[in-house]
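Asker: need coordinates for the below:
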Amino acid sequence: MISMAEPAGDVRISQQHAASIEQGHFVLTMMPSLYCELDCPHCYLSTAERRNPMRLMNLSIRKVLNNIDRFYDSRGIARKTIHAYQYGGEPTSMGVEAFSEMLDVIDQCLPRDKGYDVRHTILTALVGVDLDAWLPIFRDRCGGFLQSSFDGRMRGGSYVRKWEEKMKTARGMGLTLSTISVINNRILADGPESTLAYLANLGVVEASFLPFMWNEQNDGKKYDALAPTMSAWSDFMIALSENWIERKAAGLDAPEVGQMRYILAQETMDSPVSNVAGQTLFLMPNGDFALPDYRNGWQEFMNRFSNGISNDFASVLSSPKRRAYMRRQMTRNGNAECLTCPHSDKCVMEFWKENKTGDDCFGGRRYVEWVIANKDRISAADEGKRRTFSLY
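Answerer: Here you go, the predicted model:
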């Protein structure tokens, strides 16, 4: 699964989430290394990619960022919000020293005195992370924010126990905890109420829940055994959000639900295309800029547009492949049901693809309609403490 190209539900995200890269709001999803020791069933990377230690070196990162800076200078964009979202692979596999040096390069190339607001976030599996060593990075460079993957028992009970201990340790260190979950049949078996209570008891303050995507790596038994339908995803999300309201009404802790917040925020936007993939690009280990795309209906792969080291950033954004990609986003992939849907500007579609026949759409229309119909109940449960969320 190529999950959101941004820390979904990050409470530090501003209300500019309807803007674009060209206007100065850029979710720069950093993938300088694809290395990871894990073999997660939903991963979009091959074993060879996960075991490859190659990484984008700081000199190349500096070239890419200097090209980005020159682009904004040429357009006279005074204020720029850059979400440097560290992805992978496992970002912490680089080691504390190398990772810290990379963050230094980013901050040097995109300095505050030139109008850059750079926000660092790390998405980590966490199980192999030495939290004592990494605490200064999470605390001082990421605003005390830690985001980790939680996929229930999909990766086995032993894995979950290790992850749980790491999360408890991180919370004890004073870190703010966030999770991204790929909804799979193991989570469905645990149930939405149990899942929400589990995350709340761990001290998770915000949680995002994504559909399980088909890719070349999980094709066959893994996908067939673990991937729910979109109808099942919507059922899970409706029940989980109902339970969220119940917990709030009872005075119990409950993590914010990223998709619910996103839908409510999008409803306030006056733009029919505010949820297209216009804010984000992935930076790959060889310097290519890319985004998740789909073939064979909804099989996920990484579509590479142009190299950010050898090309200026304006040519990356205007490259024929990206322009074709963005046309597909703007036209909702030509999906008849999406083009006529009144909620296509607020659905939770990551990137448009063909919908499954006889299933809820990949935008989770039934869940979107439930959120809109229950927004007054959600507002009452909030007690005036609404936050703004972004999927991109």
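
Asker: contacts, neighbours, all on C-alpha from now
Answerer: Fine.

Asker: so what's L210 up against?
Answerer: Counting by CA atoms under 8 Å, 6 or more residues apart in numbering, L210 touches S3, I180, S181, V182, I183.

Asker: and it, its phi and psi?
Answerer: phi -110, psi 150 (degrees, to the nearest 10).

Asker: show me the beta-bridge partners of it.
Answerer: V182 (DSSP bridges).

Asker: need the pLDDT of it.
Answerer: Listed pLDDT for L210 reads 94.

Asker: state the distance from it to R70.
Answerer: With distances taken as CA to CA, to the nearest Å, L210 is found 35 Å from R70.

Asker: go on, S60?
Answerer: 15 Å.

Asker: over to D39?
Answerer: Taking CA to CA, one finds D39 at 39 Å from R70.

Asker: quick check: E90 touching T124?
Answerer: Yes - applying CA atoms under 8 Å as the test, E90 and T124 come out as touching, 6.0 Å apart.

Asker: OK, contacts around the residue of the chain most remote from its centre?
Answerer: Distance from the centre of the chain peaks at A250, with 30.2 Å (CA atoms, centre = their mean). By CA under 8 Å, 6+ apart, A250 lies in contact with nothing.

Asker: equivalent analysis for N303, please.
Answerer: A290, L291, P292, D293.

Asker: how far away from the center of its chain is the helix or strand bottoming out on mean pLDDT in the chain?
Answerer: None of the helices or strands of the chain scores lower by mean pLDDT, DSSP states H and E than helix 47-50, at a mean of 77. Centroid separation for helix 47-50 versus its chain: 21 Å, with CA atoms, centre = their mean, to the nearest Å.

Asker: who touches H83 in this structure?
Answerer: H83 neighbours (CA under 8 Å, 6+ apart): E6, F26, V27, L28, T29, V118, R119, H120, T121.

Asker: low-scoring stretches of the stretch 251-392 of the chain, by residue?
Answerer: 270-273, 384-392 (pLDDT under 70).

Asker: who's more crowded, S60 and R70?
Answerer: Higher neighbour count among S60 and R70: S60, with 17 against 14, using other CA atoms under 10 Å.

Asker: quick one: the more buried one from L28, how far?
Answerer: Counting by CA to CA - S60 and L28 are separated by 15 Å.

Asker: same check on G157?
Answerer: Distance from G157 to L28, counting by CA to CA: 34 Å.

Asker: ok, these two, which is more surrounded?
Answerer: Between G157 and L28, counted using other CA under 10 Å, the more crowded position is L28 (22 against 11).

Asker: tell me the SS of that one?
Answerer: strand (DSSP: H, G, I helix; E, B strand; the rest coil).

Asker: report pLDDT for Q15.
Answerer: So Q15 comes in at 38 (pLDDT).

Asker: ok, now the one 10 residues further on?
Answerer: The predicted local distance difference test score for H25 is 94.

Asker: burial of it, as a residue count?
Answerer: By other CA under 10 Å, 22 other residues sit near H25.

Asker: can you map out the helices along the stretch 51-200 of the chain?
Answerer: Using DSSP state H, counting those that start in this stretch, the helices of the stretch 51-200 of the chain run over 58-75, 96-109, 131-136, 157-172, 185-190, 192-201.

Asker: got the angle between the last one and helix 157-172?
Answerer: Relative orientation of helix 192-201 versus helix 157-172 (axes from the mean of the first three to the mean of the last three CA atoms, to 10 degrees): 40 degrees.

Asker: just checking, what packs against helix 192-201?
Answerer: Counting contacts by 3 or more CA pairs under 8 Å, 6 or more residues apart in numbering; DSSP states H and E, helix 192-201 packs against helix 230-249.

Asker: which residues touch the helix it packs on?
Answerer: 183, 188, 191-193, 196, 211, 253-254, 257, 260, 359-362, 364-367, 370-371, 377-378, 381-382.

Asker: hmm, 7 Å instead?
Answerer: With CA atoms under 7 Å, 6 or more residues apart in numbering as the test, helix 230-249 has contacts from 183, 192-193, 196, 211, 253-254, 359-362, 364, 366-367, 370, 378, 381.

Asker: looking at the residues you listed, which are in helices?
Answerer: Counted as lying in helices by DSSP state H, out of those, are P192, E193, L196, R366, Y367, W370, I378, A381.

Asker: quick one: the residues you listed as CSV, columns for distance to C341 and neighbour count too.
Answerer: Below are those laid out as CSV (distance: CA to CA, whole Å; neighbours: other CA atoms under 10 Å):
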residue, distance to C341, neighbour count
P192, 27, 21
E193, 30, 16
L196, 30, 22
R366, 12, 18
Y367, 14, 25
W370, 15, 16
I378, 23, 23
A381, 28, 19
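
Asker: would you reformat these as a markdown table and include distance to Y325?
Answerer: Formatted as a markdown table, the ones in helices among the contacts of helix 230-249 follow (distance: CA to CA, whole Å):
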| residue | distance to Y325 |
| --- | --- |
| P192 | 35 |
| E193 | 38 |
| L196 | 36 |
| R366 | 27 |
| Y367 | 27 |
| W370 | 30 |
| I378 | 35 |
| A381 | 39 |
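
Asker: check these and tell me the two furthest apart.
Answerer: R366 and A381 (21.2 Å; CA to CA).

Asker: where in the stretch 1-150 of the chain is pLDDT low?
Answerer: The stretch 1-150 of the chain contains residues with pLDDT under 70 at 1-18.
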